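Asks: give me a 3D structure for the following:
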Amino acid sequence: YFTNWWQKWVDGKNPDNPKNALVSRLLRQEFIDPYKIPRDELEDFRRQYLFRYEYPEWEAGDNKSTADMESEEYKQDAWERLRRKKGHIMERWKGLYA
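Replies: Predicted structure coming up:
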């Protein structure tokens with residue numbers, strides 16, 4: 001099975017980047033082919049996800065810690081916040097890159 005550098009980069013395998021791999025997996029769940037997205041748009045989308053991942057919308061009184069960051073619930077919450085903010089881009093991508 002042959003894969004080129006683009007596929008490895010998109011899938012977060014070269015260089016090894018689990019968060020990029022997660023974004024590609026989540027895009028595929030939305031029926032968007034990440035291989036077809038232009039590099040600059042995909043890079044910006046990943047950056048937007050990382051922003052929501054690294055800086056959650058916690059209230060001052062919440063008793064959450066950074067240990068929660070590795071949970072699937074936390075990752076899904078970051079995805080949902082990104083989806084609310086950038087849903088219009090994802091809808092366009094569904095029409096172009098499905």
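Asks: contacting residues around L96?
Replies: K36 (Cβ atoms under 8 Å, 6 or more residues apart in numbering). Every residue, glycine included, has its C-beta placed from N, CA and C.
Asks: helix or strand: which one has it?
Replies: Using DSSP states H and E, L96 sits within helix 72-97.
Asks: point out where this structure drops to low pLDDT.
Replies: 1-3, 58-68 (pLDDT under 70).
Asks: relative to R81, how far out is the closest residue to A98 other than its chain neighbours?
Replies: Nearest residue to A98, sequence neighbours excluded (Cβ to Cβ, 6 or more residues apart in numbering): F31, at 5.4 Å. Computed as Cβ to Cβ, to the nearest Å, the F31 to R81 distance reads 20 Å.
Asks: likewise for H88?
Replies: 15 Å.
Asks: which one of the two has more residues nearby?
Replies: A side-by-side neighbour count of H88 and R81, using other Cβ atoms under 10 Å, places R81 first with 17 against 8.
Asks: which residue sits closest to that one, ignoring its sequence neighbours?
Replies: Per Cβ to Cβ, 6+ apart, closest to R81 is R52, 4.8 Å.
Asks: neighbours around that neighbour, how many?
Replies: 19.
Asks: mind listing what the closest residue to D33 other than its chain neighbours touches?
Replies: Excluding the flanking residues, the one nearest D33 by Cβ to Cβ, 6+ apart is Y97, at 5.1 Å. Residues in contact with Y97 (Cβ under 8 Å, 6+ apart) are I32, D33, P34, K36, I37.
Asks: before I go, just wanted to say thanks for your time.
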